[in-house]
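> Using only what follows, build the 3D model:
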Amino acid sequence: MPTGAGRGVGAAAATPAPGDETLSPAATTPFSGRKLRMLLCCAGAPFLIMLDTNIVAVSLPSIARDLKGSFTDVEWVVSAYILPFAALLMPAGALADRLGRRRMLLLGLSIFTFASFLCGAAPDLLTLNAARALQAVGAALQLTSSLAVVAQGFEAHERARVYAIWGTVMGMAPSLGPIVGGVVTSYLGWRWAFYINLPLGAGLIALALTSIGESRDPKASGLDYPGIVLFGTGLFSVVWALIDANSVGWESPRTILRLVVGAILLVAFVFAERRHPRPMIDLSIFRDPTVVGAAVAMLGYAAAAQVMMTILPLYLQDAFVLSPAIAGLAMTPFALPLLIGPSIGGRLAASMSSRAILCFGLGLVAIGNAIAATAVLIDLAYWAAAIGMFITGSGAGLLNSETAKAQVSSVPPERAGMASGLASTTRFIGIIAGVAGLGAVLAGVAETHLRKLGTPLMPDHAVDWHNLSLRIVGGDAQGALAALPASIQNALAGSVHASVGAGFSAALFVAAFVAVLSSLASWRLIRTAGNSAS
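Here you go, the predicted structure:
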């Protein structure tokens, strides 16, 4: 049975592009009164989630410096949020259907707002990551509930406009986030990257209380508890292994044990879903190569493009020694196309298949990442990297809605709810994999170059190259070097910049390679109308 979240996302993904349908006069009447407040709330809830994500990305180096964190710690500030968010998206939609959409929206907004206060007040990284996980619980509840409210609160002839407005508001967050995050972090401190959510959350709660009526699905079934537990714990164990491997080692018994436990739990999840009468995911849909191809496209997009919202702010502040405010502005070439890309994609859909748009978008991501990687590798000025960032952002803008649309439309209409929930989960699994995988490449290559360049300069001194490189790529080069004797600091001064450049260049090249593979696989797997597997 489709969840509330699934209906919302599915409808959004399947909404015709502007110009594809004729709207009645009633459908073009401006919203006002209660419906306007409801629309502001339902669009504002996901906007708040996206704004917070992008603001925090710019603040990561400042967090690392203030709380004495390494690159692994910075990864966990991101992953402690994304992991529970991804694991809870589908069950959160079922909760909204069963317990009430308005109730779950208010609960989600309240949890998210309170957790934002805890993040801002966190005295150490452990507390910050715990608060980020709580933030994710609220985010999953408010995202799925807001989409379900849209499906219930607006008439069928109004929903095309509602989802168009919802998507546009969502697209504004990646454009505003880096700029707002940079200014706030530079002039108020990183803690205000979280405190800024407090008035926004309070305003959305007030809108929800005054505009949204309660609704439930009378046919909603019980939750798939085995599926929720096995999927969540299995995913957590695998990601824990991937992220911690950068600090404890890929051959470490802890890394291997976590990977094995995660794999066992995810295999158990597959068996549990096959036996459950109403599973969280109907795994039989993956017998269709188009479903697999659409999922590959989503994974490639998330791992090679969306993850750049985390990688690029670190790169700009490390490689070009920019302040958070300037780094936020420097993100504009990447962020701006995310705002205008969906409308361009809608026009392309009139003459191109979804498969062609997906492969074209992934190709742009690959080209853009390769150009940026080359600019970093040969130490060109910012403008050269900005060209690559713009091309990558253009590809990401095309893919942002098209990937979800492809996953939803690749299954029968009666399963669109489940497919849209799966699309959201696939997206965030891709981000997690990108953060962990590209982070491992970045940290490993940077350490290798730092060790190679630095060792001949100080043969008589013992340096912990591993921890030193993790702190440097995490954004705290000054603090990492300050702990060393002055003679070593001077000797390493030139090596740090070259090592950081090598690490980021390698990560960007790998992202380009992932995008190419995803594009080729999607083209091979996704079927076009009237075609079998071309």
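
> contacting residues for Leu450?
465, 468-469, 472, 492, 495-496, 499 (C-beta atoms under 8 Å, 6 or more residues apart in numbering). Just so you know, the C-beta spots here come from the backbone N, C-alpha and C atoms, and that holds for glycine as well.

> Now it: phi and psi?
Dihedral pair for Leu450: phi -60, psi -40, per degrees, to the nearest 10.

> Leaving out sequence neighbours, find the closest residue to it.
Ser499 (4.0 Å; C-beta to C-beta, 6 or more residues apart in numbering).

> for the contacts of Leu450, which one is nearest Ser110?
Using C-beta to C-beta, Ile472 comes nearest to Ser110 of those, at 39.2 Å.

> per-residue pLDDT, that closest one?
Ile472 is assigned a pLDDT of 68 by the prediction.

> among the contacts of Leu450, who's most crowded?
Using other C-beta atoms under 10 Å as the neighbour criterion, Ser469 leads the contacts of Leu450 with 30 neighbours.

> gap between that residue and Leu520?
In this view, Ser469 and Leu520 are 33 Å apart by C-beta to C-beta, to the nearest Å.

> Report the mean confidence score over stretch 173-181.
Mean predicted confidence for stretch 173-181 is 77.

> Please save the CA atoms from it in CSV.
Extracted C-alpha coordinates of stretch 173-181, given in CSV (Å, rounded to 0.1, in the frame of the first residue of the first chain):
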residue,chain,number,x,y,z
ALA,A,173,17.8,25.8,-0.7
PRO,A,174,21.0,24.6,-2.4
SER,A,175,21.4,28.1,-4.0
LEU,A,176,20.9,30.0,-0.7
GLY,A,177,22.5,27.5,1.7
PRO,A,178,26.2,28.0,0.9
ILE,A,179,25.9,31.8,0.9
VAL,A,180,23.8,32.0,4.1
GLY,A,181,26.1,29.3,5.7
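
> Work out the gap between that stretch and the centre of the chain.
14 Å (C-alpha atoms, centre = their mean, to the nearest Å).

> Then stretch 351-369?
Using C-alpha atoms, centre = their mean, the offset of stretch 351-369 from its chain centre is 19 Å.

> In it, which residues are buried?
353-355, 357-369 (16 or more other C-beta atoms under 10 Å).

> For the stretch 101-250 of the chain, which residues score under the pLDDT cut-off?
151-153, 156, 159-161, 163-164, 166-168, 170-171, 175, 217-222, 246-247 (pLDDT under 70).

> Strands of that one, start to end?
Here the stretch 101-250 of the chain has no strands by DSSP state E, counting those that start in this stretch.

> How about the contacts made by the residue nearest to Met50 when sequence neighbours are not counted?
Closest residue in space to Met50, ignoring its immediate chain neighbours: Ala173 at 3.4 Å, by C-beta to C-beta, 6+ apart. Contacts for Ala173 (C-beta under 8 Å, 6+ apart) come out as 47, 49-51, 53-54.

> Val137: what's it in contact with?
84, 88, 108, 111, 115.

> domain ranges for the chain?
Using automatic domain parsing, the domains assigned to the chain come out as 1-18+29-223, 225-277.

> which of those domains is buried the deepest?
domain 1-18+29-223 (a mean of 21; mean count of other C-beta atoms under 10 Å).

> Quick one: distance of that one to the chain centre.
Counting by C-alpha atoms, centre = their mean, domain 1-18+29-223 comes out at 12 Å from the chain centroid.

> how about the contacts of Ala173 in JSON lines, adding secondary structure?
As requested, the contacts of Ala173 are exported to JSON lines (DSSP: H, G, I helix; E, B strand; the rest coil):
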{"residue": "Phe47", "secondary structure": "helix"}
{"residue": "Ile49", "secondary structure": "helix"}
{"residue": "Met50", "secondary structure": "helix"}
{"residue": "Leu51", "secondary structure": "helix"}
{"residue": "Thr53", "secondary structure": "helix"}
{"residue": "Asn54", "secondary structure": "helix"}
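
> for those residues, which one is nearest Glu402?
Met50 (17.7 Å).

> What separation is there between the closest one and Val78?
The value you get for Met50 to Val78, if C-beta to C-beta is used, is 14 Å.

> low-scoring stretches of the stretch 351-500 of the chain, by residue?
404, 408-421, 453-464, 466-467, 470-491, 493-494.

> measure Ala86 to Val229 for me?
Counting by C-beta to C-beta, the gap from Ala86 to Val229 is 15 Å.

> actually Gly439, not the one I wrote
27 Å.

> next one: Pro178
Pro178 sits 36 Å away from Val229, going by C-beta to C-beta.

> got the residue ranges for the helices in the stretch 301-450 of the chain?
In the stretch 301-450 of the chain, the segments counted as helices under DSSP state H, counting those that start in this stretch are 308-319, 324-330, 332-348, 354-377, 382-409, 416-454.

> Indicate which one of those helices is closest to Val516.
Per C-beta to C-beta, nearest to Val516 of the helices of the stretch 301-450 of the chain: helix 354-377, 4.7 Å.

> what is the orientation angle of that closest one with helix 382-409?
Following axes from the mean of the first three to the mean of the last three C-alpha atoms, to 10 degrees, one obtains 160 degrees for the angle between helix 354-377 and helix 382-409.

> What is helix 354-377 packed up against?
Using 3 or more C-beta pairs under 8 Å, 6 or more residues apart in numbering; DSSP states H and E, the elements in contact with helix 354-377 are helix 289-301, helix 308-319, helix 332-348, helix 382-409, helix 486-525.

> now do 6 Å
With contacts taken as 3 or more C-beta pairs under 6 Å, 6 or more residues apart in numbering; DSSP states H and E, helix 354-377 sits against helix 382-409, helix 486-525.

> Please identify the most buried of the ones you listed.
helix 382-409 (a mean of 24).

> which residues touch the closest residue to Leu134 other than its chain neighbours?
Nearest non-adjacent residue to Leu134, counting by C-beta to C-beta, 6+ apart: Ala115, 4.0 Å away. Going by C-beta atoms under 6 Å, 6 or more residues apart in numbering, Ala115 touches 131, 134-135, 138.

> And Asp244, by the same measure?
Applying C-beta under 6 Å, 6+ apart, no residues contact Asp244.

> could you redo the last one with a cut-off of 8 Å?
So Asp244 contacts 72, 254-255, 258 (C-beta under 8 Å, 6+ apart).

> I'd like to know which of those are part of helices.
Members of these lying in helices (criterion: DSSP state H): 72, 254-255, 258.

> I'd like to know which of these is nearest to Tyr225.
Arg258 (23.2 Å).

> now the nearest residue in space to the closest one that is not next to it in sequence: how far from Pro253?
Once flanking residues are discounted, Arg258 sits nearest to Ala241: 3.5 Å by C-beta to C-beta, 6+ apart. Going from Ala241 to Pro253 by C-beta to C-beta gives 11 Å.
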